[in-house]
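Trainee: no letters, just coordinates:
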């Protein structure tokens, strides 16, 4: 009976341990063009870069979404490269597949994405002297 209880306890701990997922997050890799590395689990519903040099010029720079929201391509395994639409995705903004404006010195903006489980990741960042700095997790 004691062995049965111990086995049950070990299985319960293993189940809890494997069901705990890390929260989704995004890391910006320095470079030109910038790369956005998404970690976590789930299908990507949309990804957006917004911002501008001044608050009155704030807007969507680049937005992508999956062609088929239920297809496995919405599960990203590679970094998103700014301005390059990944296979299985479509560009929502700018319209007509025009290239997005460059992210250059003086840029203040955000990266935001929504994962199918309803989690939205939102992070502010800026570019100064050619370096990207993240300002805060802006949830």
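Mentor: Perfect, thanks for sending it. Model, not experiment: these values are computed from the prediction.
Trainee: from here on, contacts and neighbour counts on C-alpha atoms
Mentor: OK.
Trainee: give me the contacts around stretch 121-138.
Mentor: With CA atoms under 8 Å, 6 or more residues apart in numbering as the test, stretch 121-138 has contacts from 24-26, 28, 30, 103-114, 139.
Trainee: quick one: low-confidence parts of this protein?
Mentor: Counting by pLDDT under 70, the chain contains low-confidence residues at 1-23, 53-55, 69-76, 136-139.
Trainee: so where do the strands sit in it?
Mentor: Assigned by DSSP state E, the chain shows strands spanning 25-29, 35-39, 44-52, 59-66, 80-81, 89-93, 108-115, 120-128, 131-137.
Trainee: counting by contacts, list what the shortest one packs against.
Mentor: In terms of contacts (3 or more CA pairs under 8 Å, 6 or more residues apart in numbering; DSSP states H and E), strand 80-81 is packed against strand 35-39.
Trainee: run the angle between the strand it packs on and strand 108-115 for me.
Mentor: Strand 35-39 runs at 40 degrees relative to strand 108-115, counting by axes from the mean of the first three to the mean of the last three CA atoms, to 10 degrees.
Trainee: sheet partners, orientation included, of strand 35-39?
Mentor: The pairing partners recorded for strand 35-39 under DSSP bridges are strand 25-29 (antiparallel), strand 80-81 (antiparallel).
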